[in-house]
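S.K.: fold the following.
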Amino acid sequence: MAEPVRFLASGSSWNTFGPIVAPTTPSPATPAPAAQAVGSDSSTFHWHLGGLILFLVIYFAAYGVLRYRLEADSPHRQLADRFLWCWPEVYRGTACCFYNVVFSPVILLVHAFRIYVPGCFFVYYWRIYWCLGGCFSSFYTDQEFPPNAQSLGKVGGDSANNTSGKSQDDTVWVRAMWFARTSTGPKPSHPSINDSQMCLFEGQIEALDILQGALGDCWLLAAMATLAEHEGAINALFRTYMVDPRGKYHIRLYDLQEKQWKTITIDDFVPCVADKNDPDGVRRGKDGMPQASYAKPHGREIWVMLLEKAMAKLCGGYAAIEAGITEWGIAAMTGGSAWRYELTDAGSWERTDLVAQDDPKDKRACGFMSSGEKHDDEEFFDLLRYYHRNGAVLCCGGVKPAGQEQGLVPKHAFSLLQVCSVRMDWESDEYLRMVQVRNPWGTGEWKGNWSDSSKLWDQHPYVKRSLNFTDRDDGSYWMQWEDFCRYWGYVGCVDCDTNILSVRPPIVPERRLFGPLQACLGGCCTFWCCCEGPNRFFVPHEASIEQVSPNVFRKTFGCDPQGAYCRLCEREMVHVSREELVKSGREVSRAKA
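M.R.: This is a model prediction of the structure:
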């Protein structure tokens with residue numbers, strides 16, 4: 001059967017296999033979308049960069065014109081500086097709210113890197129250095145403050161603590177890093193990173209780390225104990241972050257006479273009690289470690305002994321740090337201004353400011369000058385609570401004769417650790433005003449209401465849980481505010497900055513391989529996840545010597561460095577007196593004590 005005839009358009013041709021189709025001309029290639037995107041992104045980047053440069057030129061030109069035309073101390077000049085040149089304030093979080101919010105993501109990242117990353121790298125660098133080149137180093141001995149009787153001076157001992165002795169025994173100097181040595185053989189000739197089992201800090205820094213010895217420097221140890229309650233305040237003084245195999249340490253202290261920070265370099269020799277029967281010539285305690293004459297190690301950490309020695313070198317010897325003023329010690333470790341509130345015969349708390357005096361023979365020469373500020377008991381509690389919540393360091397002393405019968409030690413300095421109010425019960429509108437005090441000896445307890453042996457803790461379990469009370473003989477105890485005003489004579493205060501610059505990295509576990517990395521990651525987690533960084537940045541407290549207005553410290557709600565607070569329900573303040581619960585001078589209910 002024949003196929004049907006197919007007709008083709010004109011211009012078509014045939015060959016043996018069929019019609020020949022003319023090849024089609026390819027259309028011109030269109031540019032690739034990726035190439036267009038790259039060009040577009042490059043152009044956009046240049047526009048953004050040009051706009052940023054133009055903005056900066058206009059900004060600096062406008063600010064320069066204003067600085068040139070406005071007088072230096074005029075209000076308009078100060079206003080221009082506040083809103084156009086406030087970068088240092090933005091970095092500290094003290095600029096206006098708008099700038100803080102806008103720049104906070106970048107500034108907080110910068111602070112997080114500054115706080116945690118360099119220290120982590122430095123610790124690993126330190127370890128590598130001592131593993132590779134430690135054998136070429138030698139032990140350090142401070143020639144300016146040598147381990148001999150010259151550095152001791154005429155030590156008299158603590159007159160308030162007869163059981164501590166008068167330091168009349170012969171003294172032998174032992175390196176703090178060798179306290180845990182059990183071998184009586186020859187000591188190493190060169191430093192080694194693995195030679196010491198001691199550590200600079202062990203766990204968290206707390207008031208329990210401070211144990212007083214035979215030296216009469218309870219004022220200094222009370223200052224340390226109070227400062228230990230403020231996270232990061234103690235380890236910020238140490239420029240050496242761990243046990244130095246050479247025995248060389250750098251510690252920052254503030255010179256109140258010269259009004260500047262000084263870095264004190266010391267060795268780790270500390271005075272210990274001699275014992276001729278011991279192979280090393282030193283008396284040892286039950287734990288086998290040498291018995292330190294003055295500040296004692298808590299476990300295996302040595303920071304208390306080193307800080308005491310640095311203060312002794314600053315003042316001219318161990319004898320030069322006996323019988324001092326606690327507020328001076330706190331100021332020397334914080335750089336803050338100090339003052340004291342003394343209870344007068346009229347029943348008011350009057351403020352006197354600490355003033356350093358120029359005396360080349362006495363680095364701690366100072367006096368108190370009246371400021372005219374006065375408060376009654378009710379107002380003074382609110383003021384102390386305000387200072388406590390905003391990071392001030394508090395201490396107390398001046399025990400009255402009636403307080404001695406209740407277990408309080410006269411002529412002695414104490415740490416004031418907490419000032420707070422606590423609800424009697426979760427559904428009650430009655431509140432107790434409580435303060436926590438600590439004896440730097442680490443022993444001795446208050447015997448009155450809310451003492452460690454008081455039955456009130458069992459009768460009021462909500463108060464016990466709220467204050468995290470535990471019954472242990474550690475020198476710290478709780479008192480109700482009314483008893484505190486009855487038995488104590490003064491309260492010292494050193495106001496400190498609490499801002500983003502006061503955030504410190506956590507303690508590095510020295511014996512762990514990944515300890516620095518763990519501290520870095522843990523610190524970053526606290527900084528971001530627990531909002532420590534944003535809280536310190538957006539709610540800072542700047543230290544000031546000015547009198548605080550009652551409208552500020554008696555606010556019923558607000559935010560401070562410790563977080564948000566609300567006191568709208570604090571309607572009735574009560575206390576226990578002779579087994580009776582009393583408010584406003586009248587009995588309201590009977591306690592089952």
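S.K.: which stretches of the stretch 101-250 of the chain have low pLDDT?
M.R.: Within the stretch 101-250 of the chain, the ranges that satisfy pLDDT under 70 run 135, 157-169, 182-185.
S.K.: ok, Cys366 - contacts?
M.R.: Leu256, Ile325, Trp328, Leu354, Val355, Ala356, Gln357 (CB atoms under 8 Å, 6 or more residues apart in numbering). To be clear about C-beta, it is placed using only N, CA and C from the backbone, and glycine gets the same treatment.
S.K.: quick check: the second one touching Cys218?
M.R.: No. In terms of CB atoms under 8 Å, Ile325 does not count as a neighbour of Cys218; the distance is 11.2 Å.
S.K.: more crowded one of those two?
M.R.: Between Ile325 and Cys218, Cys218 has the larger neighbour count (other CB atoms under 10 Å), namely 28 against 22.
S.K.: that one contacts His412, doesn't it?
M.R.: Yes. Counting by CB under 8 Å, Cys218 touches His412, with 5.6 Å between them.
S.K.: find the nearest non-adjacent residue to Asp275, please.
M.R.: Arg283 (3.8 Å; CB to CB, 6 or more residues apart in numbering).
S.K.: ok so, going back, drop anything exposed from the contacts of Cys366.
M.R.: Leu256, Ile325, Trp328, Leu354, Ala356 (16 or more other CB atoms under 10 Å).
S.K.: can you list which of those are found in strands?
M.R.: Those of the buried ones among the contacts of Cys366 mapping onto strands are Leu354, Ala356, per DSSP state E.
S.K.: can you check my assumption that Val101 lies in a strand?
M.R.: No. Looking at Val101 with DSSP: H, G, I helix; E, B strand; the rest coil, it is helix, so not inside a strand.
S.K.: next, count neighbours for it.
M.R.: 11.
S.K.: contacts only, for it.
M.R.: Counted by CB under 8 Å, 6+ apart, Val101 has zero contacts.
S.K.: ditto for Ser189
M.R.: Contacts of Ser189 by CB under 8 Å, 6+ apart: none found.
S.K.: picking up where we left off before, tell me the one among the buried ones among the contacts of Cys366 nearest to Gly64.
M.R.: Leu256 (40.0 Å; CB to CB).
S.K.: any idea how far the closest residue to that closest one other than its chain neighbours is from Arg364?
M.R.: In this structure, Leu256 finds its nearest non-sequential neighbour in Ala356, 4.1 Å apart by CB to CB, 6+ apart. The gap separating Ala356 from Arg364 is 9 Å, by CB to CB, to the nearest Å.
S.K.: then Phe201?
M.R.: 27 Å.
S.K.: that's a helix at Asp458, yeah?
M.R.: Yes. Counting by three-state DSSP, Asp458 is located in a helix.
S.K.: in the strand or helix carrying Gln418, what's buried?
M.R.: Assigned by DSSP states H and E, Gln418 belongs to strand 414-423. For strand 414-423, burial by neighbour count (16+ other CB under 10 Å) applies to Phe414, Ser415, Leu416, Leu417, Gln418, Val419, Cys420, Ser421, Val422, Arg423.
S.K.: check those and tell me the two furthest apart.
M.R.: Maximum distance among the buried residues of strand 414-423 (CB to CB): 26.4 Å, for Phe414 and Arg423.
S.K.: coming back round to it: can you name every helix or strand that the strand holding Gln418 contacts?
M.R.: The contact analysis (3 or more CB pairs under 8 Å, 6 or more residues apart in numbering; DSSP states H and E) places strand 414-423 against helix 218-228, helix 377-389, strand 393-397, strand 430-438, helix 461-466.
S.K.: now it: how far from the chain's centre is it?
M.R.: Put simply, strand 414-423 sits 18 Å off its chain's centre (CA atoms, centre = their mean, to the nearest Å).
S.K.: what's that strand in contact with?
M.R.: With contact meaning CB under 8 Å, 6+ apart, strand 414-423 is reached by 207, 222-223, 225-226, 229, 381, 384-385, 387-388, 394-397, 430-440, 462-463, 466-467, 476, 491, 567, 569-570, 573.
S.K.: what strands line up against that strand, and which way round?
M.R.: Using DSSP bridges, the strands paired with strand 414-423 are strand 393-397 (antiparallel), strand 430-438 (antiparallel).
S.K.: what average pLDDT does the longest one get?
M.R.: Strand 430-438 carries an average pLDDT of 92.
S.K.: can you state the direction angle for it and helix 218-228?
M.R.: Here the directions of strand 430-438 and helix 218-228 differ by 130 degrees (axes from the mean of the first three to the mean of the last three CA atoms, to 10 degrees).
S.K.: how distant is strand 430-438 from the center of its chain?
M.R.: 23 Å.
S.K.: then the shortest one?
M.R.: Between the mean C-alpha location of strand 393-397 and the chain-wide mean there is a distance of 17 Å, by CA atoms, centre = their mean.
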